[in-house]
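*Asks:* prediction below, plus the sequence it came from.
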Amino acid sequence: MTPPADRFGLGWRPELAGGILANLDRLDVVEVIADDYFEAGRAALNALSTLARQVPVVLHGVLLGLASTVPADSTHLDLMARLADRVGAEIWSEHLAFVRGGGFEIGHLAAPPRNDATIAGAAANLRRAAAVVGRRPLIENVATLIDPPGSDCDEAEWIAGIVGDSDCDLLLDLHNLYANAANFGFDPLCFLDAIPADRIAAVHLAGGRRLPAGRLLDDHLHEVPEPVYDLLAEVGVRSPRPLTVILERDGQYPPIAALLGELDRARQVLARGRRRRKSELDSGLGTEAVA
């Protein structure tokens, strides 16, 4: 069995630009926050196009709010389509969150109630987004400090429902999973077993911190913790397809060597999971036996 061609990269941030450009030989892909370029000037767009000629660029959105009964904003979808075409992005992604309602922008990636209405609303928005942009988005699970009121299913069931109804693949944020599991007392491995592993196409890695009240906050300001690496290995066991793994950092930037070291660690961990998967398949046990 030929191992999947997994890819590893960093999230583009202006503070990391020099380090990224000096180490493109160690990166398979760079992820760019799409919304930062929706109203960018010609110089910034030309620079992004130049980057895309040197390394594959994937786009990550934060403002669409697709997991909502409110229709996705047409202007944002048009801007995403233009940017994806400009940089030749093979992948674009968005969060399973809502960001507006009743005419108000809340300025936060909020977790909506997990119920049939938001599954249907998200699926409708995702189908529309795919039609406008010309390719289906990857959809990302979000971290939350509050279990959404009005929910009648758990997060894994809700995500699986949206994936099934929209035919979109997953960008699985493992720190978000780790934080939600810690904050709400569920087993992250049971979560991985409950979502369709064959629909995981990409992974986000990040770090966070524990708040005084004891909750885990996904702040992208710290190094990836050990339990998140453990979850990456488990994804490697379960997922049959190539994965694009992105390390996110949004502040308190360490030297680029430290981030590249985290990325190298991710390569090693995922490779370990891939070896476990191969061993299970060769032994005829199937990946269900690994937990």
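*Replies:* Perfect, I can see it now. Numbering: from 1, shown residues only.
*Asks:* show me where the stretch 51-200 of the chain has strands.
*Replies:* Secondary structure of the stretch 51-200 of the chain (DSSP state E, counting those that start in this stretch): strands located at 57-60, 92-95, 98-101, 104-110, 138-140, 170-173, 200-205.
*Asks:* looking at these, which has the lowest confidence?
*Replies:* Between the strands of the stretch 51-200 of the chain, the one with the least mean pLDDT is strand 104-110; it has a mean of 72.
*Asks:* re earlier: reformat the strands of the stretch 51-200 of the chain as TSV; add distance to Gly19.
*Replies:* The C-beta positions use only the backbone N, C-alpha and C, and glycine is treated the same way. Below are those laid out as TSV (distance: least, Cβ to Cβ, whole Å):
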stretch	distance to Gly19
strand 57-60	17
strand 92-95	23
strand 98-101	30
strand 104-110	27
strand 138-140	25
strand 170-173	23
strand 200-205	17
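*Asks:* now do the contacts for Gly208.
*Replies:* Contacts for Gly208 (Cβ atoms under 8 Å, 6 or more residues apart in numbering) come out as Ala143, His175, Ala179, Leu216, Leu217, Asp218, Asp219, His220, Leu221, His222, Pro225.
*Asks:* which residue, other than its chain neighbours, is closest to it?
*Replies:* Spatially, and ignoring its direct neighbours in sequence, Gly208 is nearest to Asp218 (4.5 Å; Cβ to Cβ, 6 or more residues apart in numbering).
*Asks:* for the one you found, give its distance to Pro148.
*Replies:* 16 Å (Cβ to Cβ, to the nearest Å).
*Asks:* same check, this time on Leu281
*Replies:* Separation of Leu281 from Pro148 (Cβ to Cβ): 37 Å.
*Asks:* the more surrounded of the two?
*Replies:* Taking other Cβ atoms under 10 Å, Leu281 and Pro148 do not tie; Pro148 has more neighbours (16 against 13).
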